[in-house]
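J.: What follows is a predicted protein model with its sequence.
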Amino acid sequence: GENVEQHPSTLSVQEGDSAVIKCTYSDSASNYFPWYKQELGKGPQLIIDIRSNVGEKKDQRIAVTLNKTAKHFSLHITETQPEDSAVYFCAVNGSGNQFYFGTGTSLTVIP
Amino acid sequence: GAGVSQTPSNKVTEKGKYVELRCDPISGHTALYWYRQSLGQGPEFLIYFQGTGAADDSGLPNDRFFAVRPEGSVSTLKIQRTERGDSAVYLCASSFKAGAGTDTQYFGPGTRLTVL
């Protein structure tokens, strides 16, 4: 199956700074790459996604970039706020209908 | 509109007991997924339904795990003879349709299962 690696596992930034989380995957056939935010005691919430026909997508303070040749994609959060503190997961679609998730990044935004 | 709901939110059981976990997907979503999330890990796929049928159950760890979706809406994940290693958060997700895994999946809050 798909092998998804996510880095870093923990990330602390000062409020207002940017945060970047990176994921790599192994299956070149994958074509859908969502990012989820998970707060304590809650289910994952989709924050942004990108499909393989584009290289970058932006939604306000959040952006995702995709390099299909290198098989990696990144989440960028600008002007971070304390409420951005959570665990972030990247995911990749498999050959079926399942998603393969990374191991998560615990982001802490320090006020 | 209402999101994916899961009941119970927490379930504590004893080793060897049988448990049922329920998922109510977003209205109109034909695809439903079950994942299991262990502490500090990302969700791991268990099974996927398209309508009433289990289209892919390759993630079920063994035959103690079974899931049904008899009317194409609510789904129940059933675990027999529970073991301590089954302790995890069980997440349900739904999507409007199943399109080779590229349709957005919306997750419920999960059921935290603890096997003593």
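T.: Structure's in. What do you need?
J.: Beyond the worst-scoring helix or strand of chain A on mean pLDDT, next helix or strand please.
T.: Here the helix or strand of chain A ranked lowest by mean pLDDT, DSSP states H and E is strand A:99-101, holding a mean of 92. For strand A:99-101, the following helix or strand on the C-terminal side (DSSP states H and E) is strand A:105-110.
J.: touching chain B at all, that next one?
T.: No: applying Cβ under 8 Å from any Cβ of the partner chain, one finds strand A:105-110 separated from chain B by no less than 9.1 Å. Yep, even glycine has a C-beta here, placed from its N, CA and C like the rest.
J.: Parallel or antiparallel, which strands does that strand pair with?
T.: strand A:10-14 (parallel), strand A:86-93 (antiparallel) (DSSP bridges).
J.: Up against chain A, what does chain B have?
T.: So chain B meets chain A at B:4, B:6, B:31, B:33, B:40-45, B:48, B:50, B:55-56, B:58-59, B:91, B:93, B:98-102, B:104-110 (Cβ under 8 Å from any Cβ).
J.: Filter those residues down to the buried ones and hand me the ChimeraX line.
T.: Burial among the residues of chain B next to chain A is assessed by 16 or more other Cβ atoms under 10 Å in any protein chain shown; the matching ChimeraX selection reads:
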select /B:4,6,31,33,42,43,44,45,48,50,56,59,91,93,98,101,102,105,106,107,108,109,110
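J.: Can you tell me which of the residues of chain B next to chain A end up in strands?
T.: B:6, B:31, B:33, B:44-45, B:48, B:50, B:55-56, B:91, B:93, B:106-107 (DSSP state E).
J.: Can I get the worst-scoring helix or strand of chain B on mean pLDDT as PDB, trimmed to CA atoms?
T.: Lowest on mean pLDDT, DSSP H and E among the helices and strands of chain B sits strand B:53-56, with a mean of 86. Output of strand B:53-56 as PDB, limited to C-alpha atoms (Å, rounded to 0.1, in the frame of the first residue of the first chain):
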ATOM      1  CA  GLY B  53     -22.500  -3.200   0.200                       C
ATOM      2  CA  ALA B  54     -19.000  -3.400   1.600                       C
ATOM      3  CA  ALA B  55     -16.900  -2.500  -1.400                       C
ATOM      4  CA  ASP B  56     -13.600  -2.900   0.300                       C
END
